[in-house]
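> Please find the sequence and the predicted model below.
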Amino acid sequence: MDKNNFDSKVYCCSNSARTETKTLGIIDVVLHVISLILCIWISDLVKNHTEYIQNILLSTNSTYCDYEGLFQKIEQHPDFIIVPLIIYSICGITLGALLFHAARTRNQRLLKLWFIVTLITLLLSLYVAIMMVIEVKHKIPLHILVLIMGYIYAWYELWIVVCLIRELRSSSGSNMTMLVVADHVEPVDSDPPAVIVLSPSPTPVTVYTIEGESPSNITKQKNLESNT
C-alpha cells in the first residue's frame, strides 16, 4: 500500500481517519460531560457531606484512610482543587466539539490547533495524575490501570488526528481540476477531481469580396470548388 494513499487506510471499526476523528470528538464530549457532572457532585460532597465521602468505597478494600492526605487537601482547599477540574472538563468539552467540527469541515488549521492544545493539556494532566498517585498511601492497581488506559486512548487520538492531517494534505494536491483554455493551464481546487477542457474560441474568418460579386456568391463558388 502506498504510504500516501490514505483514502484506502482504515482504523478502528473499519473507519477512515476522518470518520474515526469525528467519532473520537463525540466520545470526548460525552466523557467530559460525565467528568463535569462528577466534579460538581464531588464538590458538593466535600463542602456539605464530608462524613459521607469518608465512607465511599473508591475501589476494592479502599476507604477514606487510603486517600487521607489527598482528601485533607481537598477539604482544606475545595475550590482550589475542584474548580480546576471543572475548568478542565469544560475545556475537554470544547476541544471535543472543536475536533468534531474540524474533521467534518476538513479544516487543517483547526486540527493542528486541537493537536497542540491537547498535547500541552495531556502533559499537564499527566503531571497532576502523577502527583495524585503519590498522595495515595497504597498504590491500587485498578487506579493505575485506569490512568494507563486513559493515556493510551489520548495518544491514539493524537495519532489519528496526525493521520487525518496528512490525508488532507495529500488529497489537497490531488484534488486539482486542470482548467485548459487553448495553451493556458490554470489549476482550480475541486472535489472530486475533474478535468475541464474548454475549446478555444473560433478564429474569426476574414471575407474578401470581389468587385461586382456579393459575399454569398463567392462562398457558393468556393463550396463548389471544394466539392470537385
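Nice, thanks for sending it over. Numbering: from 1, shown residues only.

> Could you use CA atoms for every contact and neighbour count after this?
OK.

> residue boundaries of the strands in the chain?
When secondary structure is read from DSSP state E, the chain shows strands at 176-181, 184-189, 195-198.

> And the helices in the protein, which stretches?
Taking DSSP state H as the criterion, the chain carries its helices at 17-48, 50-53, 68-76, 78-105, 108-135, 141-174, 215-227.

> Quick check, Ile40 in contact with Ile87.
No. Taking contacts as Cα atoms under 8 Å, Ile40 lies outside contact range of Ile87: 11.0 Å.

> just to revisit the earlier point, any chance of the helices of the chain in CSV, plus mean pLDDT and mean neighbour count?
Formatted as CSV, the entries for the helices of the chain read as follows, by pLDDT from 0 to 100; neighbours: other Cα atoms under 10 Å:
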stretch, mean pLDDT, mean neighbour count
helix 17-48, 87, 18
helix 50-53, 63, 13
helix 68-76, 65, 15
helix 78-105, 87, 18
helix 108-135, 84, 14
helix 141-174, 83, 15
helix 215-227, 55, 11
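
> Domain parsing of this protein, as residue ranges.
Taking automatic domain parsing as the domain assignment, the record places the domains of the chain at 6-174, 176-227.

> any idea how far the closest residue to Ile82 other than its chain neighbours lies from Phe100?
Ranked by Cα to Cα, 6 or more residues apart in numbering and with sequence neighbours excluded, the top spatial neighbour of Ile82 is Ser43, at 6.2 Å. Ser43 sits 30 Å away from Phe100 when distances are taken as Cα to Cα, to the nearest Å.

> can you check Val162 too?
From Val162 over to Phe100 (counting by Cα to Cα), the distance is 14 Å.

> just Ile160 next, same as before
Taken as Cα to Cα, the span from Ile160 to Phe100 is 13 Å.

> so what sits against both of the two?
Where contact means Cα atoms under 8 Å, 6 or more residues apart in numbering, the residues bridging Ile160 and Phe100 through contact with each are Thr21.

> one step back: of the strands of the chain, which shows the lowest average pLDDT?
Lowest mean pLDDT of the strands of the chain: strand 176-181, a mean of 42.
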